[in-house]
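Got a predicted structure plus its sequence, pasted below:
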Amino acid sequence: MSEMKTDAFWMPFTPNRSFKAAPRIVERAEGIYLMTKDGRQVIDATAGLWCSNAGHCRSEIADAIHQQAKKLDYSSIFNFGHELSFEYSERLVKHTPDGLNRVFFGNSGSEAVESALKIALQYQRARGKGSRTMFIGREKGYHGVNFGGISVGGIAPNYQSFGQPVKSNHMRHTLDIERNAFSRGLPEHGVELAEDLERLVAFHGADQIAAVIVEPFSGAGGVVLPPKGYLKRIREICDQHDLLLIFDEVISGWGRTGSAFASIEWDVTPDMMTSAKGITNATVPLGAVFVQDHIYNTVMNAAPEGMVEFFHGYTYSAHPVACAAGMATLDIYEREGLLTRAAGDIGKHWENALHSLADLDNVIDIRNYGLVGAIELRAPAELKGKFGAKASAAAWDAGVMARGIGDALCMSPPLIIEEHEIDTIVDKLRGVIKSMA
């Protein structure tokens, strides 16, 4: 076989020159395992990229994709429709919080966020509050890479080269290792950080703010969990000042926290909620915004009859093959009880296994909830903020895919994982972390 050429592909979020000097190539996958081109088996402790929640290469989803592609591979969704898109939408909203009964489709989490921001602006104009054009995000928040997403996001490298063209400001993040190190579940301290939203409302004026957007927990920011009561207080402040609240559940949705969505798990209902990744088990790109009825109705009723109410959409919105993949994914989630599995014994085993690493001298924090977790490492001064990447590379060599973010190893294993597989992950990581002391 000829040597693989790597020149043409400009890889995303990757140090291209370093990677191409020593490529790590995944050839196939099954269940929770990845098989590399050089014949190694690696445990996928990140479920791909927070997304292969039901495990890899589920034949039921592959068959649904195949059959749909043979029946209707594509049809325009602008002024036309296909039955599956309506059937799928009705099924999806059976899993969302009460009132979020409308679905707007895109192709990714980035597009879902972009759509949600536009819906917020359209809603404010439709109800006669067109001055509300600013958004409030949060430090360490990740909301995709479109211009709206990087503007409301709070991860500096994602916007430093491009600016933040959508008007936005940012609340403080909630990571407080000094007070909350080694918390099991939601941290005890930090509810007062929600008051930072009051500061920004006072500074800008509520009549300038369209919406607040946060992840229930920060994923790409390093698995930063909300302090107890924090999200409820954010909801109260939004209600007090008549602000829309958007939850970005692209990572936290579809069973990650032990409920279908983190908003259900933590009993805080947003006005809109974005979704992607696990919605199709990452097999076919699909994103969605779930919208409260009152927002949808306000936008509809503000437009003249027969006119387009919302000038936004994508060629591949509600793509029939993506909808088929999503339907088959829901079949698996529902039949196997995966949307609530993380709330049971497997989630407790995950917690105990991760926290068993607390005895290592160079572990300074462990964070977990459901089937998501992070191990914060003490980094040498010269690698501060970059030690996680080095640890991730060592974990890969040891047979575990874990994501390096800052100085942390972050994980979100497939929801089908078993106790002995968790034990294997932790055993391998113990060796890796000890070797880096």
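Perfect, I can see it now.

now the helices for the stretch 51-200 of the chain?
Remark: helices assigned in the stretch 51-200 of the chain by DSSP state H, counting those that start in this stretch are 59-71, 83-92, 109-126, 147-152, 156-160, 177-180, 196-204.

Pick out the shakiest of these, pLDDT-wise.
Mean pLDDT is lowest for helix 156-160 out of the helices of the stretch 51-200 of the chain, coming in at a mean of 95.

What separation is there between the residue nearest to the spatial centre of the chain and L429?
Centrality entry for the chain: nearest residue to the mean C-alpha point is I251, 1.9 Å, by CA atoms, centre = their mean. Between I251 and L429 the distance, using CB to CB, to the nearest Å, works out to 21 Å. In this view, the C-beta of every residue, glycine as well, is placed from N, C-alpha and C.

and A202, how many neighbours?
Counted with other CB atoms under 10 Å, residues neighbouring A202 total 10.

let me fix that: V400
Around V400 sit 24 other residues, with neighbours defined as other CB under 10 Å.

Mind splitting the protein into its structural domains?
According to the domain assignment given by automatic domain parsing, the chain is divided into the following structural domains: 16-57+340-435, 63-337.

End to end on the last one, go ahead and measure it.
To tie it back to what came earlier, the one meant is domain 63-337. The straight-line separation of the ends of domain 63-337 (CA to CA, to the nearest Å) is 21 Å.

go on, the first one?
In terms of CA to CA, the two terminal residues of domain 16-57+340-435 are separated by 27 Å.

What score does E3 have for pLDDT?
Reading off the confidence values, E3 has pLDDT 80.

Name the SS class of it, please.
The local conformation at E3, judged by DSSP: H, G, I helix; E, B strand; the rest coil, is coil.

Dump the domains of the chain into a markdown table; add distance to K5 as well.
As requested, the domains of the chain are exported to a markdown table (distance: least, CB to CB, whole Å):
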| stretch | distance to K5 |
| --- | --- |
| domain 16-57+340-435 | 10 |
| domain 63-337 | 25 |
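
secondary structure class for L415?
coil.

And for it, the neighbour number?
Neighbour count of L415, defined by other CB under 10 Å: 30.

which residues does it contact?
Residues near L415 by CB atoms under 8 Å, 6 or more residues apart in numbering: 47, 53-55, 255-256, 338, 341-342, 371.

And for S259?
265, 339-340, 343.

Grab the nearest non-local neighbour of V224.
Excluding the flanking residues, the one nearest V224 by CB to CB, 6 or more residues apart in numbering is S218, at 4.0 Å.

Isn't that neighbour up against H173?
Yes. Counting by CB atoms under 8 Å, a contact exists between S218 and H173, whose distance comes to 6.9 Å.

where in the chain is pLDDT low?
Under the criterion of pLDDT under 70, the regions of the chain flagged as low confidence span 1-2.

I figured W266 hits F217, correct?
No. With contacts counted by CB under 8 Å, W266 stays clear of F217, the gap being 9.3 Å.

of these two, who's got more company?
Between W266 and F217, counting by other CB under 10 Å, F217 is the more crowded of the two (25 against 22).

can you tell me how far S275 sits from E111?
Plainly put, S275 is 11 Å away from E111 if you go by CB to CB.

any common contacting residues for these two?
In the contact map built from CB under 8 Å, 6+ apart, the residues linked to both S275 and E111 are G287.

just to revisit the earlier point, can I get the buried part of the contacts of L415 as one PyMOL selection?
Buried members of the contacts of L415, identified by 16 or more other CB atoms under 10 Å, are gathered into one PyMOL selection as follows:
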select buried, resi 47+53+54+55+255+256+338+341+342+371
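
Identify, from the contacts of L415, the entry nearest to G399.
Distance to G399 across these (CB to CB) is lowest for A47, with 16.2 Å.

hmm, who's touching stretch 223-235?
Residues outside stretch 223-235 that contact it (CB under 8 Å, 6+ apart) are 140, 173-176, 180, 183, 185-191, 193-195, 197, 212, 214, 216-218, 245, 266-270, 367, 369, 372-374, 405, 408, 410.

how about a cut-off of 7 Å?
140, 173-175, 186-191, 193-194, 197, 212, 214, 216-218, 245, 266, 268, 367, 369, 372-374, 410 (CB atoms under 7 Å, 6 or more residues apart in numbering).
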